[in-house]
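J.: pasting the sequence and the predicted model now:
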Amino acid sequence: MSGLAVLLALASSVAWGTADFGGGLVSRRLPTVAVTVVSQSAGFVALLVALGIRGGAVDGRSLALGLAAGVGGGTGLAAFYRALSLGTMSIVSPIVACGAVVPFTISLATGERPSHVAVAGAVVALCGAVLASAEERRAQARERGQAVLLAALAAGALGLFTYFLGLGSREGSALSTLVGARIGSLTTLLVLALVLRAPLRIGRQAIVPVAAIGLCDVSANALFALASGHGLLALVSVLGSLYPVTTLVLARALLGERLTPLQLTGVGVALAGVAALSVG
């Protein structure tokens with residue numbers, strides 16, 4: 001796997017982790033659906049500007065694959081942010097990271113053949129994410145159960161999101177895929193808002209930080225899309241899924257959340273897996 005693909009995928013994980021930290025934080029005091037809709041809208045505006053600057057026709061197949069990704073992305077984000085608002089970030093985010101199993105498995109089943117060392121590194125990295133998710137002490141039992149269920153739903157949905165995002169980007173236009181994904185996610189979230197009759201107002205003071213979350217998220221998507229064009233999707237998806245490391249660090253540094261020895265071990269195992277995957 002090329003060094004550029006590794007760097008781009010890891011950069012996407014850092015950007016995703018930062019966006020998820022911010023999204024979970026503001027969702028503790030603002031309506032979850034409103035946060036996702038406004039943040040996704042900000043990212044969509046940025047993509048439209050990029051599309052206008054670049055010019056040219058939109059790739060229909062990439063747009064369609066992006067739409068499929070967006071449905072999973074919108075569903076997954078709503079479930080993820082709600083889970084983060086109920087449970088401690090240091091357990092919810094790593095559970096969601098296990099969604100990398102979805103694109104990893106599909107990519108192998110459809111013909112990708114990474115080296116044995118790279119596959120072993122990917123498995124080790126995912127095991128590290130599972131270890132990092134151990135122990136929750138701050139959430140109430142009822143809320144903890146809800147958070148875990150929502151995190152599992154988000155894992156599956158976001159796994160499909162990364163697979164279709166990577167597939168559309170590597171087989172056509174990355175920008176068209178990104179635009180399609182944002183259309184799909186926004187449509188899904190708006191339908192969800194109508195069904196739940198969820199408020200979409202967040203207040204003027206919150207617009208800038210929520211928009212910044214959206215820009216960070218769309219930057220992560222773009223980095224992942226570029227990485228997919230330079231490496232195997234099975235491996236890129238695992239590297240991109242390591243965003244919980246960033247979320248854990250931010251939760252520890254800014255919120256004072258305590259990391260257990262098992263969680264710290266999980267982070268170390270994940271990093272060891274990245275090293276093996278990178279050289280495989």
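T.: Cool, the structure landed. Numbering: from 1, shown residues only.

J.: my guess is Ser2 contacts Gly229, does it?
T.: No - applying CB atoms under 8 Å as the test, Ser2 and Gly229 come out as separate, 10.3 Å apart. Using the backbone N, CA and C atoms, a C-beta is placed for each residue, glycine as well.

J.: packing partners for the helix ranked longest in the chain?
T.: Counting by DSSP state H, the longest helix found in the chain is helix 141-171. Secondary-structure packing of helix 141-171 (3 or more CB pairs under 8 Å, 6 or more residues apart in numbering; DSSP states H and E): helix 60-86, helix 89-97, helix 101-109, helix 174-196, helix 204-228, helix 233-240.

J.: how about these in JSON lines, adding mean neighbour count, mean pLDDT and distance to Leu165?
T.: Below are the helices and strands packed on helix 141-171 laid out as JSON lines (neighbours: other CB atoms under 10 Å; pLDDT from 0 to 100; distance: least, CB to CB, whole Å):
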{"stretch": "helix 60-86", "mean neighbour count": "24", "mean pLDDT": "88", "distance to Leu165": "4"}
{"stretch": "helix 89-97", "mean neighbour count": "28", "mean pLDDT": "70", "distance to Leu165": "16"}
{"stretch": "helix 101-109", "mean neighbour count": "19", "mean pLDDT": "92", "distance to Leu165": "9"}
{"stretch": "helix 174-196", "mean neighbour count": "22", "mean pLDDT": "93", "distance to Leu165": "6"}
{"stretch": "helix 204-228", "mean neighbour count": "21", "mean pLDDT": "94", "distance to Leu165": "6"}
{"stretch": "helix 233-240", "mean neighbour count": "29", "mean pLDDT": "91", "distance to Leu165": "9"}
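
J.: what would the ones you listed look like in a markdown table with distance to Gly121?
T.: Output for the helices and strands packed on helix 141-171, formatted as a markdown table (distance: least, CB to CB, whole Å):
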| stretch | distance to Gly121 |
| --- | --- |
| helix 60-86 | 25 |
| helix 89-97 | 15 |
| helix 101-109 | 12 |
| helix 174-196 | 25 |
| helix 204-228 | 16 |
| helix 233-240 | 8 |
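
J.: nearest to Ala147 among those helices would be which one?
T.: In terms of CB to CB, the element of those nearest to Ala147 is helix 60-86, at 4.2 Å.

J.: just the angle between that closest one and helix 101-109, please?
T.: 150 degrees (axes from the mean of the first three to the mean of the last three CA atoms, to 10 degrees).

J.: quick one: closest of the helices and strands packed on helix 141-171 to Leu160.
T.: Using CB to CB, the nearest of the helices and strands packed on helix 141-171 to Leu160 is helix 60-86, at 3.7 Å.

J.: centre of the chain to that closest one, how far?
T.: 9 Å (CA atoms, centre = their mean, to the nearest Å).

J.: which strands and helices sit next to it?
T.: helix 3-26, helix 32-54, helix 89-97, helix 141-171, helix 174-196.

J.: switch the cut-off to 10 Å
T.: With contacts taken as 3 or more CB pairs under 10 Å, 6 or more residues apart in numbering; DSSP states H and E, helix 60-86 sits against helix 3-26, helix 32-54, helix 89-97, helix 141-171, helix 174-196, helix 204-228.

J.: now do the same contact list for the closest residue to Val130 other than its chain neighbours.
T.: Closest residue in space to Val130, ignoring its immediate chain neighbours: Cys98 at 6.4 Å, by CB to CB, 6 or more residues apart in numbering. Residues in contact with Cys98 (CB atoms under 10 Å, 6 or more residues apart in numbering) are 126-127, 129-130, 133, 151-152, 155-156, 159, 241, 244.

J.: any chance of those residues in CSV, with neighbour count and pLDDT too?
T.: CSV is the format used below for the contacts of Cys98 (neighbours: other CB atoms under 10 Å; pLDDT from 0 to 100):
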residue, neighbour count, pLDDT
Leu126, 21, 81
Cys127, 16, 84
Ala129, 27, 71
Val130, 15, 71
Ser133, 24, 61
Ala151, 27, 86
Ala152, 16, 89
Ala155, 23, 90
Gly156, 18, 94
Gly159, 25, 93
Ser241, 32, 84
Pro244, 32, 76
